[in-house]
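# From the sequence below, what's the structure:
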Amino acid sequence: IYDVALSDEQIAAHAANDFQIEPTDDSVVLWMDYSLASSIEPITDYYDYYGEDYAKSYLYPNGEMSGYAFGYGGDWGDVPNSGDFCVNGLVQPDRTPQPELNEVKYIYQDFWFTANELDLIARNVSVYNEKSFTNLNEYDVYWQALEDGAVYSEGKLAPADIAPRETKTIQVPFQMPEELKASAEYYLTLEVRQKEATWWAPAGHVVSYEQFAIPAEVPPLAVAAPEGTLQVDDSPADVVKFSTEDLSFEISKADGRIYNYTYKGVLLLEEGPLPDFWRARNGNDKNRFGNWKTVSDGIVLDADGLTVEHDAETNLTTITTKLVLPNADNKVVTMVYTVNPDNAAVTVDFTANLTGSVITDMLKVGTKMLAPAGFEQVEWYGGGPGESLFDRSQFAKYGIWNSTATDLYFPYVKAQDTGSLSKVKWLSL
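Modelled structure (predicted):
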């Protein structure tokens with residue numbers, strides 16, 4: 001880059017790599033020789049995501065991105081810059097779809113289904129065709145009835161003649177099970193699918209969908225009192241030990257958390273649940289939310305903060321721990337564990353009153369648990385099929401979904417919150 005205009009002769013010489021102006025000339029503002037790049041020491045202490053065989057990479061599926069990463073404003077020391085706002089769209093630079101695209105697809109769909117409880121009892125659903133030129137009868141409409149997330153009945157509707165910008169009512173002939181499952185939930189899902197393949201989508205591709213909760217009076221779940229016994233050993237100086245025939249775990253007398261939760265000889269949790277008030281910031285969070293990241297650090301058990309009570313009528317044991325947060329003005333949170341000695345289930349109740357803390361703008365309230373390496377398979381009943389957030393979950397349908405811990409991670413160009421799930425009723429590893 002020069003601060004003077006070059007002559008035709010000088011420009012021609014540059015094109016032939018015969019530089020008539022030397023780098024030390026006063027007219028040179030910037031001289032950058034990329035041929036010297038090989039002399040730069042490579043960075044080795046980083047996570048080479050694109051070097052992994054599970055990397056999500058649409059345009060570079062054969063490992064071409066290994067050793068590289070996508071950059072954004074500021075990565076070159078450029079000031080001012082727009083940060084990651086130049087790359088926070090719906091697809092990655094290599095056209096890998098981002099999880100947000102599921103929400104946009106739902107919002108942009110052209111066929112809208114509506115029904116209230118009385119409509120569903122009568123098997124009626126209203127359909128609005130938002131398209132300008134295409135009739136609904138050019139697509140196939142399928143329905144599914146679900147019990148606790150699993151499909152128990154499904155079918156295909158007769159072609160529905162609903163013209164563009166027209167609203168009509170259709171009949172969906174689903175039936176409820178002869179015997180309703182105790183405490184079950186029932187849902188109806190409707191999908192509009194491509195009849196034939198097009199240049200942009202295969203046959204069967206879902207272009208619009210909706211899901212409704214089906215009203216049903218289900219019987220309550222009968223729960224018998226357990227018959228087993230929870231043994232409590234308070235003799236160790238550092239922990240209280242709890243055990244049944246199949247279950248064992250410890251609670252630390254120092255920090256009040258559970259360690260080594262083991263069922264039938266298999267270690268399921270190394271530690272936790274532990275109160276947590278943090279998640280990775282997303283692009284819009286900026287630098288807000290104070291020091292909640294460190295609030296869980298240094299948690300200690302309050303003096304006389306661990307109590308054990310056994311209810312003879314229910315045969316359930318309740319363990320209560322009061323935990324002090326030194327990094328949040330010594331506020332106290334309470335963890336209550338109710339243990340069923342028969343099935344090793346531990347019900348967790350977590351109460352946090354942080355009113356008056358000097359730290360404001362809380363990111364989240366929850367708990368974190370550490371499982372041993374190898375628990376890769378994830379199954380859940382709730383919103384799916386993948387990542388969703390509280391304010392990005394209209395697309396998420398109730399169902400039983402499967403993924404892996406690896407696949408639930410998405411490599412946003414700027415590292416941020418990823419893998420979150422919403423509307424979850426249960427999750428298993």
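# what's Tyr412 in contact with, if anything?
98, 418 (Cβ atoms under 8 Å, 6 or more residues apart in numbering). Backbone N, C-alpha and C define where each C-beta goes, glycine included.
# For it, give me phi and psi.
Backbone dihedrals for Tyr412, given as degrees, to the nearest 10, come out at phi -50, psi 140.
# Likewise for Gln10?
Per degrees, to the nearest 10, the backbone of Gln10 is at phi -70, psi -40.
# Low-confidence regions, this protein specifically.
Residues of the chain that meet the criterion pLDDT under 70 lie in 33-44, 290.
# Tell me where it has helices.
8-15, 100-107, 117-121, 405-408 (DSSP state H).
# The residue lying closest to Trp292 once chain neighbours are set aside: what's it in contact with?
Once flanking residues are discounted, Trp292 sits nearest to Phe277: 4.4 Å by Cβ to Cβ, 6 or more residues apart in numbering. The contact partners of Phe277, by Cβ under 8 Å, 6+ apart, come to 292, 295-296, 362-366.
# Apply 7 Å and report the result again.
By Cβ atoms under 7 Å, 6 or more residues apart in numbering, Phe277 lies in contact with 292, 295-296, 362-365.
# Tell me the spacing between it and Gly419.
Separation of Phe277 from Gly419 (Cβ to Cβ, to the nearest Å) stands at 18 Å.
# what's around Ala303, how many residues?
Using other Cβ atoms under 10 Å, Ala303 has 8 other residues around it.
# of the contacts of Phe277, closest to Phe395?
Lys364 (21.5 Å; Cβ to Cβ).
# circling back to that earlier point, so which of the helices of the chain is the most surrounded?
Greatest average neighbour count among the helices of the chain goes to helix 100-107 (a mean of 16), per mean count of other Cβ atoms under 10 Å.
# mind saving the C-alpha coords of that helix as PDB?
What follows is helix 100-107 as a C-alpha-only set of coordinates in PDB (Å, rounded to 0.1, in the frame of the first residue of the first chain):
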ATOM      1  CA  GLU A 100     -31.700 -21.700  14.600                       C
ATOM      2  CA  LEU A 101     -32.700 -22.700  11.100                       C
ATOM      3  CA  ASN A 102     -35.300 -25.100  12.500                       C
ATOM      4  CA  GLU A 103     -37.100 -22.200  14.200                       C
ATOM      5  CA  VAL A 104     -37.000 -20.100  11.000                       C
ATOM      6  CA  LYS A 105     -38.400 -22.900   8.900                       C
ATOM      7  CA  TYR A 106     -41.300 -23.300  11.300                       C
ATOM      8  CA  ILE A 107     -42.100 -19.600  11.400                       C
END
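# now that helix: how far from the chain's centre is it?
Relative to the centre of its chain, helix 100-107 is centred 15 Å away, using Cα atoms, centre = their mean, to the nearest Å.
# Stretch 342-351 too?
Relative to its parent chain, stretch 342-351 has a centroid offset of 23 Å by Cα atoms, centre = their mean.
# which parts of that stretch are buried?
By 16 or more other Cβ atoms under 10 Å, the buried positions in stretch 342-351 come out as 342, 344, 346, 350.
# what's the span of it, first residue to last?
This stretch, stretch 342-351, spans 26 Å end to end (Cα to Cα, to the nearest Å).
# May I see the helices of the chain organised as a markdown table, with distance to Val218 added?
Converted to a markdown table, the helices of the chain look like this (distance: least, Cβ to Cβ, whole Å):
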| stretch | distance to Val218 |
| --- | --- |
| helix 8-15 | 79 |
| helix 100-107 | 28 |
| helix 117-121 | 15 |
| helix 405-408 | 31 |
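# can you tell me which of the ones you listed comes nearest to Val28?
Among the helices of the chain, the nearest to Val28 by Cβ to Cβ is helix 8-15 (12.5 Å).
# Touching that closest one from outside, list them.
19-21.
# try 10 Å
Contacts of helix 8-15 with the rest of the structure, by Cβ atoms under 10 Å, 6 or more residues apart in numbering, involve 2, 4-7, 18-21.
# which of those tops the neighbour count?
Per-residue neighbour counts (other Cβ under 10 Å) across those peak at Ile21, which has 16 neighbours.
# can you tell me how far it sits from Leu30?
Taken as Cβ to Cβ, the span from Ile21 to Leu30 is 13 Å.
# got any residues that touch both of these two?
Residues touching both Ile21 and Leu30 (Cβ under 10 Å, 6+ apart): Tyr2.
# How many residues are close by Gln194?
With other Cβ under 10 Å as criterion, Gln194 counts 17.
# check contacts around it.
Contacts for Gln194 (Cβ under 10 Å, 6+ apart) come out as 138-140, 200-207.
# ditto for Thr334
Listed by Cβ under 10 Å, 6+ apart, the contact set of Thr334 reads 256, 275, 302, 305, 320-323, 349-353.
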